[in-house]
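> sequence plus predicted model, see below.
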Amino acid sequence: MEDIITKFVLPARVVSCDPWGNGHLNRTFRLALADGSHYILQSVSRTAFHDIPGLMENFAAVTKVLAEQSADPRACLHLIPTRDGHDYLIDEYGEYWRMLDFVEGSVCLQSPESPEDFYQSAVAFGSFQRMLRGFPADTLHETIPRFHDTPDRYRKLRAAIAADEYGRVKDASSEIAFALAREKDAGVLQKMRDDGTLPLRVTHNDTKLNNVMLDEKTRKALCVIDLDTVMPGLAAYDFGDAIRFGASTAAEDEKDLSKVSLDLEMFRAFARGFIPACGGLTGAELDSLPLGAKIMTLECGVRFLTDYLEGDSYFSVAYSTHNLDRARTQFKLAADIEAKWEDILAIMRDVTNA
Ligand code: GN1
Ligand code: MG
């Protein structure tokens, strides 16, 4: 590790290097330097990302545009160059490493401590989308093709069921039945993307609450992180994925499903923050946001379930049924979103008429 660290231009000696954060793919470390500053060192998952140079090009271009639009250096990530002037390095094992400045004085939450926290994250993700409105989307590399193509996620699930390589299908029959029963409905966002009903925008695509840094004192949103999946997408993806994670009453891998439900107050807080911060969403986009919540939740469950059936090759797991537990929470939440559909629509009417 020391070898890698010395290849980046840092202002002082590194005194410690510790694992950091809660990502399921990249490996992340936080460095503490002798001058009191901190940096983030990350190796980018080669299982998830097959074009890391393209991904890093996106990263550099997007952070440049964001930095131009904000006076506060803490409002956007910055890549720290290597000594020979590159944005990343490849080590002797073929691993890709990048260094970022650490957003000092910030907190990153695994669940909102109040609706205000969640509102703040909504403002951050909405503003992120607005700030990238003028970005030439066709210059972005598609870092994971068909990332939120839900019908494609279902095709992969079906293939995993058919192969049953790890003999796990028998342990997941009710989850499989739940997912397949919703396959037809789950394709509507992709259909509206394909037929042009919904406009393509530059979206973040991984809008978990823990991908926003809040100021530890004011609790105002500072900065959106994890830019690996910034790609052309739908407003409903970012809205929906944020609801999936932050408006759930339980953690993504909670085993006690009675604890998992949709918190309508959190839903309202997010809608109130996201919609005005995005600005200029079309009527069809506004209508698609609740669908985004339902479909992103279902899709994430389908992805966890597929990975479980395929022997946990994508998401990192702490135990053998971890991905199955994750799939279960997503399906429980999706069912609760269905049950609360009329309440959700009423909140949307309130928020958009306010
Ligand atoms: C992955 O690694 P992390 O936590 O940022 C995944 C997201 C999932 C999420 C589920 C590139 O994100 O799509 O929603 O796990 N990222 C990728 O927690 O697949
Ligand atoms: Mg991510």
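Received it, and whenever you're ready, just let me know what you need. Ligands and ions are numbered 1, 2, ... in the order given.

> gap between the nearest residue to residue 48 once chain neighbours are set aside and residue 228?
Spatial nearest neighbour of residue 48, excluding adjacent residues (CB to CB, 6 or more residues apart in numbering): residue 25 at 4.6 Å. Using the backbone N, CA and C atoms, a C-beta is placed for each residue, glycine as well. Look at residue 25 and residue 228: by CB to CB, to the nearest Å, they are 8 Å apart.

> for the spatially most central residue of the chain, give me the pLDDT.
Note on the chain: the residue nearest the mean C-alpha position is residue 206, at 1.6 Å, using CA atoms, centre = their mean. Residue 206 is assigned 98 on the pLDDT scale.

> assign it to helix, strand or coil.
coil (DSSP: H, G, I helix; E, B strand; the rest coil).

> what count of nearby residues applies to the residue nearest to residue 48?
A total of 17 residues lie near residue 25 under the criterion other CB atoms under 10 Å.

> who's in contact with it?
Residue 25 makes contact with 45, 47, 48, 314, 315, 316 under the criterion CB atoms under 8 Å, 6 or more residues apart in numbering.

> mind listing the strands for the stretch 101-250 of the chain?
Taking DSSP state E, counting those that start in this stretch as the criterion, the stretch 101-250 of the chain carries its strands at 106-107, 201-203, 212-215, 221-224, 231-233.

> contact residues of the chain facing ligand 2?
Taking CB under 5 Å from the ion as the contact definition, the chain meets ligand 2 at 206, 226.

> rewinding a little: which of the contacts of residue 25 are buried?
Taking 16 or more other CB atoms under 10 Å as the criterion, what is buried in these is 45, 48, 314, 315.

> contacting residues around the last one?
Taking CB under 8 Å, 6+ apart, we find residue 315 in contact with 24, 25, 303, 304, 307, 322, 323, 326.

> in helices, which of the buried ones among the contacts of residue 25 fall?
Per DSSP state H, helices hold no members of those.

> could these go into JSON lines alongside distance to residue 4 and pLDDT?
Shown next, in JSON lines, are the buried ones among the contacts of residue 25 (distance: CB to CB, whole Å; pLDDT from 0 to 100):
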{"residue": "45", "distance to residue 4": "16", "pLDDT": "97"}
{"residue": "48", "distance to residue 4": "20", "pLDDT": "96"}
{"residue": "314", "distance to residue 4": "24", "pLDDT": "97"}
{"residue": "315", "distance to residue 4": "25", "pLDDT": "97"}
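
> if we only consider those residues, which is nearest to ligand 1?
Using CB to the nearest ligand atom, residue 48 comes nearest to ligand 1 of the buried ones among the contacts of residue 25, at 4.9 Å.

> and the closest one, what does it touch?
Counting by CB under 8 Å, 6+ apart, residue 48 has contacts 25, 144, 228, 314.

> now the two most distant members of those.
228 and 314 (13.7 Å; CB to CB).

> still on that earlier bit, my reading is that the residue nearest to residue 48 is in a helix; is that accurate?
No - membership of residue 25 in a helix is not supported by three-state DSSP, which gives coil.

> what about it, distance to residue 110?
Remark: distance between residue 25 and residue 110 (CB to CB) = 17 Å.

> thank you kindly, that will do.
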